[in-house]
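Peer 1: I'll drop the sequence and a predicted model, then ask my questions.
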Protein chains: 2
Amino acid sequence: MATIHDVAKRAGVSRSTVSYALSGKRTISRETRERIEEAIRDLGFTPNAGARALKTSQTLVIGLFVHFFEDEFSPAMLQYVLPISDAAREAGYDILMVTETDGPKALKRLSSSEMVDGVILLNVAHEDARLPVMRSIRQPGSMVGLPKDTDGFDVFDLDWDESGRVLVDHLAALGHTDIVLVTPREDVAARGGAYSWRLKNAALERAAEHGMRVHLFHGETQQPAVNEQLGAILDAKLGTAMIVHNDAVIAALPSVLHARGVKVPDDLSVVGIFSEEFGRLFNLPYTAVETSPEQLGRRAVRALVQRMTNPEYADPHRVELIAPEIVDRGSTR
Amino acid sequence: MATIHDVAKRAGVSRSTVSYALSGKRTISRETRERIEEAIRDLGFTPNAGARALKTSQTLVIGLFVHFFEDEFSPAMLQYVLPISDAAREAGYDILMVTETDGPKALKRLSSSEMVDGVILLNVAHEDARLPVMRSIRQPGSMVGLPKDTDGFDVFDLDWDESGRVLVDHLAALGHTDIVLVTPREDVAARGGAYSWRLKNAALERAAEHGMRVHLFHGETQQPAVNEQLGAILDAKLGTAMIVHNDAVIAALPSVLHARGVKVPDDLSVVGIFSEEFGRLFNLPYTAVETSPEQLGRRAVRALVQRMTNPEYADPHRVELIAPEIVDRGSTR
DNA sequence: ATCGTCAATCGAACCGATTCGACGAATACA
DNA sequence: TGTATTCGTCGAATCGGTTCGATTGACGAT
């Protein structure tokens, strides 16, 4: 493997000259630079990442912490990972993806061995065990998911409270007074998935203001439980409309509705909350609040890159809750 | 950040002693070792990855190349990524995940900057542009997906030819003579996704031997096209059984069958090819060949680790095609 | 008492980059 | 013509580990 020394020898200059030609931090004569560039091409030289990191304390790697929970619908996670990976590369960073169950330990390991310049946490819980560790390390952190204490991080999330209100308002405006609300499984709330209760509480409160009756269910996540539960809910005919905040349930909804001959929106109005891409993947013809995973992921990367490249950058940490936008797919009336 | 020098000072020994205590490559007295371990704990020391990599030319990182194609069903990919990530970590490796479109370029970059000790390629095409690059680099490579020329790599894949035969035989044994075969989209074959034509050709050949009539379709991948096409196929009533080799189509199948009131297996026998996990996620009650993504991913990691830790390990490269196993879910008769 | 062996430790070199200070040559200024 | 400035380049130090002799002291054998 060619080193900078080989390049220098071939171009007849010193190692430092090659380095300066590469970084442009000092002026190098045109001829010399061209000779160096040729040598680089000939030898197929790329700076050794370890050596560079050692000297500059910069790895150009972002640690991405993804935790796949059994009580969540895994395909949904991918929507966040891909845009993050793409955005990182555009900014010149690679992604070290960590799926370890023991997040805090892994975080400490990557940080203190200086393998990464910064960290992105996905699916952050209300009191996330990774946060204290994050605060103790020197690398900046960006996250998707709103924790209780956001101090020290750039945080991006959908405004789940407002989403709950928007969905309820939408149904209220159409005159519905009896509705079913299907939330994530209880485990999600138990382990601190704040989005689950944020939307729920806001929705319940707003529904109360409207004087609506709400029938609440914690949706299942694994088949065949999903279908059974959903079937039971439909058979009970508890309301004229349904809010579904559960990826697994909404993905299963079309076939279950079909099985029961329930027509949407004639027999039942349905609203959900999922991304456009998710909706297309599962062919979901439901009016829904857009969750914008791509936008969230990209913003998290942008904020992180800002702080990594600019350590003295001392802007207050931002907490951005993006406003829910409802996409009308005609599943309500 | 604490360095080995700080540890040495605090324990009152030289740096080399600390290093040997850590690696165990030379004997260190019990007392000294304990003093060192205490110092390490106190300072929260972890060896700097860059420095270590520089000296040992070992990064303990595996490059994982994933390409998400638009003509494929993305959730299916995740099934390979997660087991690989887990298996790697168990072996002490981290995963650098690359989703770049320009695979060859990224491969060269990671390899020649020595960021990774080895590489795993997912979804390898028949004539994959990444392979020539792989052969030119010094890091070993392992892959999931069978290319035309496997020379120089450890390759793992499902035996798609045999899978095609198994599925046809299964239907033949039940007396079906007219069957529908839904394959991946034509683009998949066009860009070299060998699994698409391997299964198809083997199935067609075997069907011919049985004297069966086969109606062939290239399945769509994106909704709503999937449903439309599937509906049209069902309406045409072309056979008594159906082989579906297309993730998007099979995921959509239950609801489309329902919509048309087609009963499985009474009106139509159905067999597919997907993993147990995929089937559970989408609640697919179909007899199918198991694709074993977890097993494939883990084997790829194991083989790679073998070669990385043992560079002189010169065993012939293995090409393992795992034998298809049909899981009977009662969707045929 | 002497030698060899072994366990425990140290010092120095090295991995491959970056970067600071210095230096010679060319140019500008007075 | 002498001096200051700029340009282009080089040498050496450094980042934080690992590893190869070398060294020291204790012990057993002769």
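Peer 2: Received, thanks.
Peer 1: Contacts for the helix or strand where residue A:37 lies, please.
Peer 2: Using DSSP states H and E, residue A:37 sits in helix A:30-43. Contacts made with helix A:30-43 from outside it, assessed by CB atoms under 8 Å, 6 or more residues apart in numbering or on different chains, are listed as A:2, A:6-7, A:10-13, A:17-18, A:21-22, A:28, A:45. C-beta here means a position set from N, CA and C on the backbone, and glycine is covered the same way.
Peer 1: Next: stretch A:98-117.
Peer 2: Contacts of stretch A:98-117 (CB under 8 Å, 6+ apart): A:53, A:57-68, A:93, A:96, A:119, A:121, A:129-130, A:132-134, A:137-139, A:308, B:1, B:44-50, B:82, B:85-86, B:89, B:94-95.
Peer 1: Now the buried members of the residues you listed.
Peer 2: A:53, A:59-68, A:93, A:96, A:119, A:121, A:130, A:133-134, A:137, A:139, A:308, B:45-50, B:82, B:85-86, B:89, B:94-95 (16 or more other CB atoms under 10 Å in any protein chain shown).
Peer 1: Look up how far chain B lies from residue A:125.
Peer 2: Separation of residue A:125 from chain B (CB to the nearest CB, to the nearest Å): 20 Å.
Peer 1: so that residue touches residue A:146, yeah?
Peer 2: No: Residue A:125 is beyond contact range of residue A:146, at 9.8 Å (criterion: CB atoms under 8 Å).
Peer 1: Identify the contacts common to those two.
Peer 2: Common neighbours of residue A:125 and residue A:146 (CB under 8 Å, 6+ apart) are residue A:194.
Peer 1: Which ones among the contacts of helix A:30-43 map onto helices?
Peer 2: Using DSSP state H, the subset of the contacts of helix A:30-43 located in helices is A:6-7, A:10-11, A:17-18, A:21-22.
Peer 1: Among these, which one sits closest to DNA strand C?
Peer 2: Nearest to DNA strand C out of the ones in helices among the contacts of helix A:30-43 is residue A:22 (CB to the nearest atom of the strand; 5.4 Å).
Peer 1: can you tell me how far residue A:311 sits from residue A:207?
Peer 2: Computed as CB to CB, to the nearest Å, the residue A:311 to residue A:207 distance reads 47 Å.
Peer 1: who has more neighbours, the two?
Peer 2: residue A:207 (24 against 11; other CB atoms under 10 Å in any protein chain shown).
Peer 1: What strand or helix carries the more buried one?
Peer 2: Going by DSSP H and E, residue A:207 is in helix A:194-210.
Peer 1: where do the strands sit along chain A?
Peer 2: Remark: strands assigned in chain A by DSSP state E are A:61-65, A:94-98, A:118-122, A:141-144, A:154-158, A:178-183, A:213-218, A:241-244, A:269-273, A:287-289, A:319-322, A:326-327.
Peer 1: is it true that residue A:74 touches residue B:75?
Peer 2: Yes: with contact defined as CB under 8 Å, residue A:74 and residue B:75 form a contacting pair (7.2 Å).
Peer 1: picking that back up, and the helix holding residue A:207, what does it pack against?
Peer 2: helix A:160-173, strand A:178-183, helix A:186-190, strand A:213-218 (3 or more CB pairs under 8 Å, 6 or more residues apart in numbering or on different chains; DSSP states H and E).
Peer 1: change it to 10 Å
Peer 2: strand A:154-158, helix A:160-173, strand A:178-183, helix A:186-190, strand A:213-218, strand A:241-244 (3 or more CB pairs under 10 Å, 6 or more residues apart in numbering or on different chains; DSSP states H and E).
Peer 1: Next, the buried residues of the third one.
Peer 2: Okay, so that is strand A:178-183. For strand A:178-183, by 16+ other CB under 10 Å, it's A:179-183.
Peer 1: Could you pull up the residues touching the residue positioned nearest the centre of chain A?
Peer 2: In chain A, the centroid-proximal residue (CA atoms, centre = their mean) is residue A:80; its distance is 4.0 Å. By CB atoms under 10 Å, 6 or more residues apart in numbering or on different chains, residue A:80 lies in contact with A:64, A:66, A:120, A:122-123, A:144-145, A:275, A:291, A:293-294, A:296-297, A:300.
Peer 1: Residue A:97 and DNA strand C, how far apart?
Peer 2: 25 Å (CB to the nearest atom of the strand, to the nearest Å).
Peer 1: Can you tell me how far that residue is from chain B?
Peer 2: On the measure of CB to the nearest CB, residue A:97 and chain B end up 4 Å apart.
Peer 1: Equivalent analysis for residue A:27, please.
Peer 2: 26 Å.
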